[in-house]
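**Q** Predicted structure and sequence below. I'll ask about it afterward.
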Amino acid sequence: MSHGKQFTLYTHNTGPNGWKVAFVLEELGLTYESIYLEFNSGEHKRPPFTDINPNGRIPALIDHRNGDFTVWESGAIILYLVDKYDTEKRISVADEKERYHLIQWLFFQASGQGPYFGQAIWFMRYHSEKVPSAVERYQKEILRIFSVLDGVLAKAPGGWLVGGKLTVADLSFIPWNNGAIKVALAGLKDVDVEKQYPALWAWHQKLLERESVKKCLALQFQLMQS
């Protein structure tokens, strides 16, 4: 089969983890087609998508110019993309120790930031009953993780997580940070992210100014309006 674009990205119009991958594809100038799965109909929980990702979650990526190689889990996809296609180390690192620090932050994002931030939004917006204790627990986890990031970024060269420059480690945090600031922490009178976590806030604003990020977020907004 002939494919006009190198990659097919299975994703969702609002699902944060798919946008992490889109940022990386854009930064590397790689051509891709996004297929936005319909969660309400359960499209992601049945074939043909579960033939690609048996876990039934987004994202998943097919590299058509590498024998239709398929990989799922956003962190694994990101590592595949930079290992194979970021030969100039534009958004990754060459030093072995720094590479493990980059992987460390990808793991932290996937195991700490994403799940906790996601649970906060779930219990605030989608759970069938109000559970104030759950909302409070996960809002506190957001603030804890913000504190971790703020402390590290305040001391980090250039205000970036690894190597004194933008890498995929930084890009991976954008979607869930957006969700936390705009949704999960919105309305909390005793929380001012800009004032209480200044290094994190400055870092997040720098990331939002990336052309790749602006392009993807503009597309996401358009999809959500349609």
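**A** Here it is on my side, so go on.
**Q** drop to CA atoms for contacts and neighbour counts, all remaining ones
**A** Fine.
**Q** Output the helix or strand of the chain with the lowest mean pLDDT as PDB, nothing but the C-alphas.
**A** Each helix and strand of the chain was given a mean pLDDT (mean pLDDT, DSSP states H and E); the minimum falls on helix 114-121 at a mean of 92. Output in PDB follows, covering the C-alpha atoms of helix 114-121 (Å, rounded to 0.1, in the frame of the first residue of the first chain):
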ATOM      1  CA  GLY A 114      -0.600  12.300  33.400                       C
ATOM      2  CA  PRO A 115      -2.500   9.800  35.700                       C
ATOM      3  CA  TYR A 116      -2.900  12.200  38.600                       C
ATOM      4  CA  PHE A 117      -3.900  15.200  36.500                       C
ATOM      5  CA  GLY A 118      -6.200  12.900  34.500                       C
ATOM      6  CA  GLN A 119      -7.900  11.600  37.700                       C
ATOM      7  CA  ALA A 120      -8.400  15.200  38.900                       C
ATOM      8  CA  ILE A 121     -10.300  16.100  35.700                       C
END
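**Q** Packing partners of the helix or strand just after it?
**A** Later in the chain than helix 114-121, the nearest helix or strand by DSSP states H and E is helix 132-155. If contacts are counted by 3 or more C-alpha pairs under 8 Å, 6 or more residues apart in numbering; DSSP states H and E, helix 132-155 sits against helix 114-121, helix 198-208.
**Q** returning to what we had before: show me what the least confident helix or strand of the chain packs onto, helices and strands only.
**A** Counting by 3+ C-alpha pairs under 8 Å, 6+ apart, helix 114-121 packs on helix 132-155, helix 174-179.
**Q** Which residues outside the shortest one are in contact with it?
**A** It refers to helix 174-179. The set of residues external to helix 174-179 that reach it, using C-alpha atoms under 8 Å, 6 or more residues apart in numbering, is Pro16, Asn17, Trp19, Lys20, Gln113, Gly114, Phe117, Gly118, Ile121, His204, Leu207, Leu208.
**Q** And these, which two are furthest apart?
**A** Spanning the widest gap among the contacts of helix 174-179 are Ile121 and Leu207, at 22.0 Å by C-alpha to C-alpha.
**Q** all helices of this structure, in order?
**A** 16-27, 49-52, 74-85, 96-108, 114-121, 132-155, 168-171, 174-179, 193-196, 198-208, 211-225 (DSSP state H).
**Q** per the record, what domains does the chain have?
**A** 7-87, 96-212 (automatic domain parsing).
**Q** closest one to Phe221 among the ones you listed?
**A** domain 7-87 (8.6 Å).
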